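here are the coordinates; sequence isn't available:
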């Protein structure tokens, strides 16, 4: 098991913790991570795009000219896809883009993402993370103490409303609980701050 240091929010080491290799030390699977990210982004798509086929375009009920004798091509409607103002062929229609992955694959993808952060030294374990009141300056000070000037993800065990509100006004900083842990957020942020109790919860759920 890998042992990492535990810090308080002022970047002072207060101890250490052993990480479960079955969760924080698994082998990287880039293909699985890609599939998990695509699944998550696809589920966010609204799919409300729509085009009108010839049956939905207004007009075109009368035959433009007689079938024979004019020298022109045969035409039955002015709303044919061949005409300006006509319907669209094979255009997009409202649909859902969401698809699912087996639960074991979803969990393995999260394990791969967490393991990658540990190997690259981008995971910081905090003794605790909670504020008495929502205040953006508290998160700014914490990130400054850790010399973090890039995107950061704050992970707490349970929903911490004050932490979430304190972080949401900072560009590139996001706070989530272990219930909302996902591959996209882990990979999309350069630095991960996670509490000790959050690690315990993750090891209980993913073991």
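Ah, there it is. The model shown is predicted, which means the values in this text are computed figures rather than measured ones.

Give me the secondary structure label for the residue of the chain most remote from its centre.
Residue farthest from the centre of the chain, counting by C-alpha atoms, centre = their mean, is residue 69 at 62.2 Å. The three-state label given to residue 69 by DSSP: H, G, I helix; E, B strand; the rest coil is coil.

Please name every helix or strand in contact with the longest helix along the chain.
Ranked by residue count and defined by DSSP state H, the top helix of the chain is helix 103-119. Using 3 or more C-beta pairs under 8 Å, 6 or more residues apart in numbering; DSSP states H and E, the elements in contact with helix 103-119 are helix 21-24, helix 30-44, helix 183-188, helix 196-206. C-betas here are computed from N, CA, C, even on glycine.

could you redo the last one with a cut-off of 6 Å?
On a contact count with 3 or more C-beta pairs under 6 Å, 6 or more residues apart in numbering; DSSP states H and E, helix 103-119 meets helix 21-24, helix 30-44, helix 183-188.

Name the surrounding residues that touch that helix.
With contact meaning C-beta atoms under 6 Å, 6 or more residues apart in numbering, helix 103-119 is reached by 23-26, 28-29, 32-33, 36, 123, 183, 186-187, 192, 206.

I'd like to know the average pLDDT value across it.
The pLDDT scores in helix 103-119 average 95.

Neighbouring strands - and their directions - for the helix or strand following that helix?
The C-terminal neighbour of helix 103-119 among helices and strands, as given by DSSP states H and E, is strand 123-126. Paired with strand 123-126 in the same sheet, following DSSP bridges, are strand 2-7 (parallel), strand 191-195 (parallel).

Of those, which shows the lowest average pLDDT?
strand 2-7 (a mean of 90).

what's the angle between the next helix or strand after that one and helix 103-119?
Per DSSP H and E, the first helix or strand lying C-terminal to strand 2-7 is strand 13-19. Counting by axes from the mean of the first three to the mean of the last three C-alpha atoms, to 10 degrees, strand 13-19 lies at 140 degrees to helix 103-119.

Report the rounded mean pLDDT for strand 13-19.
Strand 13-19 shows a mean pLDDT of 91.

got it, and stretch 174-190?
Taken as a whole, stretch 174-190 carries a mean pLDDT of 95.

How far does that stretch sit from its chain's centre?
Centroid separation for stretch 174-190 versus its chain: 8 Å, with C-alpha atoms, centre = their mean, to the nearest Å.

how about that stretch: buried residues?
Within stretch 174-190, the residues that count as buried by 16 or more other C-beta atoms under 10 Å are 174-178, 181-187, 189.

so who does the residue nearest to the spatial centre of the chain touch?
Centroid-nearest residue in the chain: residue 184, 4.1 Å away (criterion: C-alpha atoms, centre = their mean). By C-beta under 6 Å, 6+ apart, residue 184 lies in contact with 37, 40.

how near is it to residue 23?
Distance of residue 184 to residue 23, given as C-beta to C-beta, to the nearest Å: 18 Å.
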